[in-house]
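Novice: Here is the input, now give the coordinates:
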Amino acid sequence: MDSLTLPRFINANGLYSLLELLSIHRASPCLSVNISELQRVSPAGLSTLCAWYHWREKNGLSTHFAGKDACTIHSYLERMNLWRLCQPSPPETASELNGRFIPLTQISHQTGKLGEQFAECLAPGGEDYEHPMAGLYDASYYLITELANNVRQHSRGRGFVSAQTTNLDGYVRIAFTDAGMGIRGSLREAGFDWAQEGDDTSCILQALTSRVSSKGQPSNEGVGLTLSTKVASLMGGWTMIASGTGIVTISPEGAVNSSRTLPGLGFPGTLITIAFKKTLAAEFDDKLLEAKDMEGLLPPGGFSANFT
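Specialist: Alright, predicted model coming up:
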């Protein structure tokens, strides 16, 4: 049996190290994952572990989590649904969505309901138009529903989402993962000629282009991922997308970095993780209009906010 030990911290700075480890051991027939040293894990880390486990399970590979008793955050991992979902047939019932740390949730066809549940947790009371949290509620609902729909429609694998908000740094963090065919696989299946020869990184970059959709072409789809990442940057946020061996990050200034790659077979499926500032989410409606304008998606002559 092969083994790997998870690092102490799986946060923004430690996410690449986790992805690297999981890529190296992706195809190990029988693997023990030691969590005894784990002390902190982000929503992206939780979602990544869960999707990776399910890809291995789907492909007949054995995965065992060891060191649970020695892990100081074992009960936290249980509350966040990691153990409940990391089994071959996860039950439909799970920990309730409430508080600042929203547990891992499997994505179903009811993405609108999922968006409402997450938004209510991240921005309590924000469903009321004049509430101070209304902008954060709308931003959370938009990102959850848009990206969850992407996962549901294109992954052909189990998809998961988790989120977190803290007052310490003022950021909201949302992460989506799936155990599907990955961005390159879905674009190849859609019949894009350039995807047949392109690598994972180039396919991620193309997927960020407006109106590139894995539903095939011609298409009026393909703006969900583009606008989600654009509006996240406008809200002072960072985005990371990992699929196969490709990794792309987008800064708050909109700078795209694709210089890093993952070893071996890379990460199965796709990871999308976004962190944005709660204070700037208050202006979500304006930010979304700005993102659409930047992508040339508004009608000629612009758009008036007085008409909805």
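
Novice: Where in this protein is the helix or strand with the lowest mean pLDDT?
Specialist: Lowest on mean pLDDT, DSSP states H and E among the helices and strands of the chain sits helix 193-197, with a mean of 86.

Novice: Could you export that helix as PDB, CA atoms only?
Specialist: The C-alpha trace of helix 193-197 is given here as PDB (Å, rounded to 0.1, in the frame of the first residue of the first chain):
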ATOM      1  CA  ASP A 193     -10.800  21.500 -33.100                       C
ATOM      2  CA  TRP A 194      -8.200  23.500 -31.000                       C
ATOM      3  CA  ALA A 195      -9.000  21.400 -27.900                       C
ATOM      4  CA  GLN A 196      -8.000  18.200 -29.600                       C
ATOM      5  CA  GLU A 197      -4.300  19.200 -29.600                       C
END
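
Novice: Counting neighbours, which bits of it end up buried?
Specialist: For helix 193-197, a neighbour-count test (16 or more other CB atoms under 10 Å) marks residue 195 as buried. For glycine as for every other residue, the C-beta is placed from the backbone atoms N, C-alpha and C.

Novice: can you give me how far it is from the chain middle?
Specialist: With CA atoms, centre = their mean, to the nearest Å as the basis, helix 193-197 stands 25 Å off its chain's centre.

Novice: What helices and strands are in contact with that helix?
Specialist: Applying 3 or more CB pairs under 8 Å, 6 or more residues apart in numbering; DSSP states H and E, one finds that helix 193-197 makes contact with helix 182-189, helix 200-207.

Novice: any idea which strand is longest in this protein?
Specialist: Longest strand in the chain, counting residues (DSSP state E): strand 267-277.

Novice: Quick check: which ranges of the protein have low pLDDT?
Specialist: Applying pLDDT under 70 to the chain flags the ranges 88-100, 157, 211-222, 301-308.

Novice: Now do the helices in it.
Specialist: For the chain, applying DSSP state H gives helices covering 15-24, 43-58, 74-79, 82-85, 111-122, 134-154, 182-189, 193-197, 200-207, 224-234, 278-281, 284-294.

Novice: can you redo those as a markdown table with distance to residue 31?
Specialist: Formatted as a markdown table, these follow (distance: least, CB to CB, whole Å):
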| stretch | distance to residue 31 |
| --- | --- |
| helix 15-24 | 10 |
| helix 43-58 | 8 |
| helix 74-79 | 18 |
| helix 82-85 | 16 |
| helix 111-122 | 31 |
| helix 134-154 | 25 |
| helix 182-189 | 20 |
| helix 193-197 | 31 |
| helix 200-207 | 23 |
| helix 224-234 | 31 |
| helix 278-281 | 38 |
| helix 284-294 | 41 |
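
Novice: Could you give the number of residues near residue 83?
Specialist: When neighbours are counted by other CB atoms under 10 Å, residue 83 registers 14.

Novice: try the one 3 residues further on
Specialist: Using other CB under 10 Å, the number of residues around residue 86 comes to 20.

Novice: ok, now residue 70?
Specialist: For residue 70, the neighbour count with other CB under 10 Å is 12.

Novice: Which residue, other than its chain neighbours, is closest to it?
Specialist: Setting aside the residues directly before and after it, residue 70 is nearest to residue 36 in space (CB to CB, 6 or more residues apart in numbering), at 3.9 Å.

Novice: hang on, the earlier thing: so which of the helices of the chain gets nearest residue 243?
Specialist: helix 182-189 (4.3 Å; CB to CB).

Novice: still on that earlier bit, I figured the residue nearest to residue 70 was touching residue 71, is that so?
Specialist: Yes. Under the criterion of CB atoms under 8 Å, residue 36 makes contact with residue 71 at 5.5 Å.
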